[in-house]
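[1] coords below, sequence missing:
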């Protein structure tokens, strides 16, 4: 009987995904119904199935991310800088407004930033015409990275007119010599930019090289920093360009 049961189960096709509802043996059932004899990895209820597959946390993380994205879309078009801090559960701890290019934090605010997610906007790009490469804005500054390291943020994010930036803390934590790495990356990027400008053969090419160097300056620096520290850095374009 054990062999027959084993053979039967081996042939049973387990439903891997259900667009509506959740899997029960080799079929899909409504979320409000119970699965009397679930297979391994399934559950007797929709809630059980979510827990067994680690989807409760994933669903919570997704909801938290949506809240952060919603706020970023709101502050992206501002002409002054704002910063918001979220805890690991996606709860907004505080939102603070600053001036054109800076937000300052009180010691009481800094205390709650450990392991948190900080997002803010870079409004400087709005000062440039739509035809300029500088219009899309730039990535994290050395001050941004210093804030992430000293407060031990889990992630720092920034939105500019054209991009959404994210730098996630390395698995082993921020390196003690992070700011040394930042300075080295700055020198390397400046040297590369100067070399590119020197190769320009006409005033027009020189102007174009200068504009491109300024527009990509901090993105290049943060890319180098992330690579050397083993951090995850991403820059994505906004769906709606302004």
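    Received it, and whenever you're ready, just let me know what you need. This structure is a prediction, so every number in the text was calculated from the model and none was measured.
[2] what bits of the protein have low per-residue confidence?
    1-16, 54-63, 240-242 (pLDDT under 70).
[3] longest helix of it?
    The helix that spans the most residues within the chain, counting by DSSP state H, is helix 203-229.
[4] same for that one, what does it pack against?
    helix 142-151, strand 163-168, helix 178-198, strand 232-237 (3 or more C-beta pairs under 8 Å, 6 or more residues apart in numbering; DSSP states H and E). Every C-beta, even on glycine, is put in place using the N, C-alpha and C of the backbone.
[5] mind running it again at 7 Å?
    Judged by 3 or more C-beta pairs under 7 Å, 6 or more residues apart in numbering; DSSP states H and E, helix 203-229 is in contact with helix 178-198, strand 232-237.
[6] which one of those has the most crowded surroundings?
    helix 178-198 (a mean of 15; mean count of other C-beta atoms under 10 Å).
[7] Now do it: distance to the chain's middle.
    24 Å (C-alpha atoms, centre = their mean, to the nearest Å).
[8] Touching it from outside, list them.
    Helix 178-198 has contacts (C-beta atoms under 7 Å, 6 or more residues apart in numbering) with 142, 145-146, 149, 175, 206, 209-210, 213, 217, 220-221, 224-225, 228-229.
[9] what residues are up against residue 38?
    Neighbours of residue 38 in contact, by C-beta under 7 Å, 6+ apart: 24, 44.
[10] That one is in what secondary structure piece?
    According to DSSP states H and E, residue 38 maps onto no helix or strand at all.
[11] domains for the protein, by residue range?
    Domain assignment for the chain by automatic domain parsing gives 20-53, 56-237.
[12] Can you say which of the contacts of helix 178-198 are buried?
    142, 145, 149, 175, 209, 213, 217, 220-221, 224-225, 228-229 (16 or more other C-beta atoms under 10 Å).
[13] can those residues go into JSON lines with extra columns for distance to residue 126?
    Output for the buried ones among the contacts of helix 178-198, formatted as JSON lines (distance: C-beta to C-beta, whole Å):
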{"residue": "142", "distance to residue 126": "22"}
{"residue": "145", "distance to residue 126": "23"}
{"residue": "149", "distance to residue 126": "28"}
{"residue": "175", "distance to residue 126": "34"}
{"residue": "209", "distance to residue 126": "24"}
{"residue": "213", "distance to residue 126": "20"}
{"residue": "217", "distance to residue 126": "18"}
{"residue": "220", "distance to residue 126": "22"}
{"residue": "221", "distance to residue 126": "22"}
{"residue": "224", "distance to residue 126": "27"}
{"residue": "225", "distance to residue 126": "26"}
{"residue": "228", "distance to residue 126": "32"}
{"residue": "229", "distance to residue 126": "31"}
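[14] Could you point out which of these is nearest to residue 70?
    residue 145 (25.2 Å; C-beta to C-beta).
[15] Give me the distance between the closest residue to the closest one other than its chain neighbours and residue 141.
    Nearest residue to residue 145 in three dimensions, chain neighbours excluded: residue 182, at 5.7 Å (C-beta to C-beta, 6 or more residues apart in numbering). Taking C-beta to C-beta, to the nearest Å as the measure, residue 182 falls 10 Å from residue 141.
[16] which residues touch residue 140?
    Here residue 140 is in contact with 156, 158, 165, 167, 218, 222 (criterion: C-beta under 7 Å, 6+ apart).
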